[in-house]
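Asker: Whatever this is, show me its structure:
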Amino acid sequence: MATILITGAAGALGSAVAKAFDAAGANTILVGRDIARLEAACGAASERRMFAIADLRDAASVTAAARAGGDRFGRIDVLCNIAGGFAMGTPVHATSDAQWDELFDLNVRSLRNAVAAVVPGMLDGQGGKVVNIASGSARQGLANMGAYCASKDVVIRLTESMTAELRGQGINVNCILPGTIDTPDNRAAMPNADRSKWVAPEALADVILYLCSPAARAIHGASIPCI
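Answerer: Alright, predicted model coming up:
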């Protein structure tokens, strides 16, 4: 039975991914910052579902969460780096250090800390899967979104670098590039938008499950648009 560690599990996409893996019979380690939010999003802890509290910006905190999951279920087979953040900003020349740091912490440092905590355990000859979340906005810089676009482009480059480093050791690393995700927060922020062009969290979860399946064993370093 595979064991999956999912960051950002209390969010709309993270909880959809958690539920999809749960339905597939996997063990899940659901990482977030608040037990109550995790329970509300994913249901109560169970024999195959555990919660781990961590601040993904803090390497020691993430390592402790991964260690707790490993102690419970054994090796971690799959890492889904779902956690991240979005914010509209200002023109690049007017973007503050705090704005840059926030988005790079949420989208880059969190990923780096998670792979540092989990990937060493995959380097035991049995391989593993890593799926990262970039964005359709990573493919082109957009006005007043420089920090966000740049941070998500880094996710793509880290996916490619990790592929070059880990492919030969049986670890698949890929990322998806969602368009606008149909979430309650996005509906509230954009009430007049055409939601027919948005992508459902459950549809993204299907893509992620495929990338983590044996059928995707030949896919390495891909950045897959999901719109």
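Asker: Check which helices and strands the helix or strand hosting residue 4 is in contact with.
Answerer: Using DSSP states H and E, residue 4 maps to strand 3-7. Packing partners of strand 3-7 (3 or more Cβ pairs under 8 Å, 6 or more residues apart in numbering; DSSP states H and E): helix 12-23, strand 27-32, helix 59-73, strand 78-81, helix 110-122. No exception for glycine: its C-beta is placed from N, CA and C like everyone else's.
Asker: how far out from the middle of the chain is the first one?
Answerer: In this case it means helix 12-23. Centroid separation for helix 12-23 versus its chain: 12 Å, with Cα atoms, centre = their mean, to the nearest Å.
Asker: So for that helix, mean pLDDT?
Answerer: Mean pLDDT, computed over helix 12-23, is 98.
Asker: Restrict that helix to CA atoms and write it as CSV.
Answerer: Provided in CSV are the C-alpha atoms of helix 12-23 (Å, rounded to 0.1, in the frame of the first residue of the first chain):
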residue,chain,number,x,y,z
ALA,A,12,-9.3,23.1,-1.9
LEU,A,13,-6.8,21.4,-4.2
GLY,A,14,-4.9,19.6,-1.4
SER,A,15,-8.1,18.2,0.1
ALA,A,16,-9.3,17.0,-3.3
VAL,A,17,-5.9,15.2,-3.8
ALA,A,18,-6.1,13.7,-0.3
LYS,A,19,-9.6,12.4,-1.0
ALA,A,20,-8.6,10.9,-4.3
PHE,A,21,-5.7,9.0,-2.9
ASP,A,22,-7.8,7.9,0.1
ALA,A,23,-10.4,6.5,-2.4
